[in-house]
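Peer 1: Predicted structure and sequence below. I'll ask about it afterward.
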Amino acid sequence: MKTLKIEELSKNFGSTEVLRKINLEIDEGNFLVLLGPSGCGKSTLLNIIAGLETINEGNVHIDDYNVSKVEPKDRNIAMVFQSYALYPSMNVRENMIFGLKQAKVSKEKIEEQLEKVSKFLQVDALLERKPSQLSGGQRQRVAIGRALVREPRIFLFDEPLSNLDAKLRVEMRREIKKLHQQLKTTVVYVTHDQTEAMSLGTNIAIMNHGVIQQNDTPENIYNKPSNTFVADFIGSPSMNLIKGNLKESSNKVSFITHGSNIEIPINGYDFKEKSNLDNKEVFYGIRPEHIFSKKSNEEDFEINLRADLSEYIGHEQIMTFNFENQEVLAKFPSTVKIDLSKNTNLFFDLTQISLFDAKTEERI
Amino acid sequence: MQDKIHSSYKQLEQKSKYTNMFLRWFLYFVLVIFALYFIFPLYVMVVTSLKTMEEIRQGTLLTWPSGLNFDSWLVAWGGRGYGAGDTFLKPYFWNSIKMVVPAVFFSTFIGAMAGYVLTKWRFKGDKWVFLFLLFGCFIPYQAILLPMARTLGVLGISNSVIGLVLVHTVYGIPFTTLFFRNFYVSIPSELVKAARIDGAGFFKIFFKILLPVSTPIIVVTIIWQFTQIWNDFLFGSTFSFGEAAPIQVALNNMVLSSTSVKEYNVDMASAIIAGIPTLIVYVLAGKYFIRGLTSGAVKG
């Protein structure tokens, strides 16, 4: 039984297609993050799961029951919003029990739930306050509390940390992670922040233009991006995508960029389909953190490039190199000293590369 | 060297101090002139209403009355006590109250509902509905007199307070809807979504969540509608006459129908009486209006 299952879901607003043939499944207790740039349809998808938006095609199942036409309140879900959406005229207590009161839960049960949750989230001292008298972090806690008291099957989070300042965001992120570890409820979480997605999710679904680009574990998303969009979206700075061709001779594959005679060997790469590789136009993907200034591994490939730019950011620096007029970024510890406008020896970790078809932009 | 610079700074400081002082006094001077200019008519009205006809004939507009003589106020409010032809404001004042209270209430309530629907329960074509409502704000009063008269006739409520309530409610809805729509647009729709997930329905969300935070806009609407309806003369004089007339129409009749001598003191007293309720609304509601604005806990 899947806690949440979405089949062939499509949604348009007028003539604009927002979601196209979405398929998703979540197992009990998993934490799914919907990640993507703004306008990719992730919030619409969340609203559809909540029942706040109608569906044009496809179905949403919760616990194997088709809820496509079920009212939001009857879907056994709870949602936390970016603006917290606390009812301004009610105090914290009233905010938290509003849903239970609507559901005509008995007074004793309401009190019991309220006490349990408010203690758990440490908002029990704030119960008589109005939302306007709370700090951002406290409001966020109350909003989560309002969702918790209902003991839903699925928690929906819509960019819950976006309104907090940087420091508080990191704190609340940890708290949400802890919360999930303790309660083990199923979560669907929308964000455009890749750090949030990586640190919180057991699964990440990356969306763009209403289509899921990759739905995988954070490790696979990072190490084996399924197309150039994912490769580019995840990581900071994002993956270097060097344009060039493959060369296959006597069962050995290598990569050559345009106008260069440097052959970068491709060993032990897990090709999806190992045919017609010779002369194939590809993007050679390597992350800035997999380029080193010193040889760390016998297999590392040595290459001599000119340093153009250095960006110092405290614990590390991001250097830009010129590789046949294509920019290649590398991330080094800030202690490494490299002269600008001079050629330097760099080392590519060949076990960490990705290859993409230049035409389809899919991983090969 | 440094002393020289410092002393020149000192001179500049002195200079700017004098300039500022001069500008300040000039500002006060202008403000006082304007204040006098605006208060002058009111002064004449109040002073004249407290004079006897004898005093009015002998003195000038500005002369101070000999004493506090409220006779003309009593005449304006309650009449002289002889039968036919004795027009006084009391019954018409109550007519106006009976007209303005329901008309303000209904137009505000309907406007709030409409604004709520147009922002939080969007439907296909809602933009057009709003556009047509907005159009209603720009239709001149005169243009709807005839169709409205016909409508009231068909409904059988012409020349009645109820008829006027209907006219003012209908005519007020475009404005009240505009006010409430623009206010509710600024309230995050996530509140409505949260409430829907919590199981609240259309009316519960309106009454429990949106209306409690609407105080500022309710007050603005009430001030606006009350002033419009209370001060209206055109609708009142067109759709009612005789006993059903509102106070502005009665005031007009009083002032114009005096056959013998013009009683300026009574006229002035009547005009002030007719204007007092709007003043009261401004004074009372204005306070709440500011309070409502400053408490603004909508977004936080």
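Peer 2: Sure, I can see it.
Peer 1: what domains does the record give for the chain?
Peer 2: Unless you meant another one, I'm taking chain A. According to automatic domain parsing, chain A is divided into the following domains: A:4-224, A:240-357.
Peer 1: I was thinking of chain B, sorry if that wasn't clear
Peer 2: B:2-78, B:90-295.
Peer 1: re earlier: out of the domains of chain A, flag the one nearest B:V129.
Peer 2: domain A:4-224 (17.5 Å; CB to CB). Using the backbone N, CA and C atoms, a C-beta is placed for each residue, glycine as well.
Peer 1: Between the two ends of the closest one, how far is it?
Peer 2: For domain A:4-224, the separation between the terminal residues is 25 Å (CA to CA, to the nearest Å).
Peer 1: Off-centre distance for that domain?
Peer 2: Counting by CA atoms, centre = their mean, to the nearest Å, domain A:4-224 is centred 15 Å from the centre of its parent chain.
Peer 1: ok, now which ones touch A:L246?
Peer 2: A:253-256, A:266, A:277-280, A:282, A:355 (CB atoms under 8 Å, 6 or more residues apart in numbering or on different chains).
Peer 1: what does A:V190 give?
Peer 2: Counted by CB under 8 Å, 6+ apart, A:V190 has contacts A:33-34, A:42-43, A:45-46, A:156-159.
Peer 1: B:M45 now?
Peer 2: With CB under 8 Å, 6+ apart, B:M45 has these contacts: B:268, B:271-272.
Peer 1: Skip ahead from the strand or helix carrying it and say which helix or strand is next.
Peer 2: Using DSSP states H and E, B:M45 sits within helix B:2-49. Note on helix B:2-49: by DSSP H and E, the next helix or strand toward the C-terminus is helix B:53-58.
Peer 1: For that next one, give me every contacting residue.
Peer 2: By CB under 8 Å, 6+ apart, helix B:53-58 touches B:48, B:63, B:65-66, B:261, B:263-265.
Peer 1: Spatially, which residue comes closest to B:F88, not counting chain neighbours?
Peer 2: Distances taken as CB to CB, 6 or more residues apart in numbering or on different chains place B:G79 nearest to B:F88, at 3.4 Å, with adjacent residues excluded.
Peer 1: so the one you found touches B:T87, yeah?
Peer 2: Yes: when contacts are counted by CB atoms under 8 Å, B:G79 is listed as touching B:T87 (7.2 Å).
Peer 1: near chain A, which residues of chain B?
Peer 2: Residues of chain B found near chain A (CB under 8 Å from any CB of the partner chain) are B:188, B:190-191, B:193-200, B:204, B:208-209, B:212-213, B:297-300.
Peer 1: Using PyMOL, define a selection of the buried residues within those.
Peer 2: The buried residues among those can be selected in PyMOL (16 or more other CB atoms under 10 Å in any protein chain shown) with this line:
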select buried, chain B and resi 190+191+193+194+195+196+197+198+199+200+208+209+213+298+300
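Peer 1: all strands for the stretch 1-150 of chain A, in order.
Peer 2: For the stretch 1-150 of chain A, the strands defined by DSSP state E, counting those that start in this stretch cover A:4-13, A:16-26, A:31-35, A:57-62, A:65-66, A:77-80.
Peer 1: what do you get for the stretch 201-350 of chain A?
Peer 2: A:203-208, A:211-216, A:240-249, A:252-257, A:264-266, A:281-286, A:291-292, A:301-312, A:316-323, A:326-333, A:343-348.
Peer 1: residue contacts, the residue positioned nearest the centre of chain B?
Peer 2: Central residue of chain B (CA atoms, centre = their mean): B:T227, 2.2 Å from the mean position. Counting by CB under 8 Å, 6+ apart, B:T227 touches B:278, B:281.
Peer 1: try 10 Å this time
Peer 2: With contacts defined as CB atoms under 10 Å, 6 or more residues apart in numbering or on different chains, the neighbours of B:T227 are B:100, B:104, B:277-278, B:281-282.
Peer 1: do the same with A:A143
Peer 2: Counted by CB under 10 Å, 6+ apart, A:A143 has contacts A:78-86, A:95-96, A:121, A:131, A:157, A:160, B:190, B:194.
Peer 1: what about it, distance to A:S83?
Peer 2: Shown here: A:A143 relative to A:S83, a distance of 9 Å by CB to CB, to the nearest Å.
Peer 1: Which residues are in contact with each of these two?
Peer 2: Shared contacts of A:A143 and A:S83, defined by CB under 10 Å, 6+ apart, are found at A:160, B:190, B:194.
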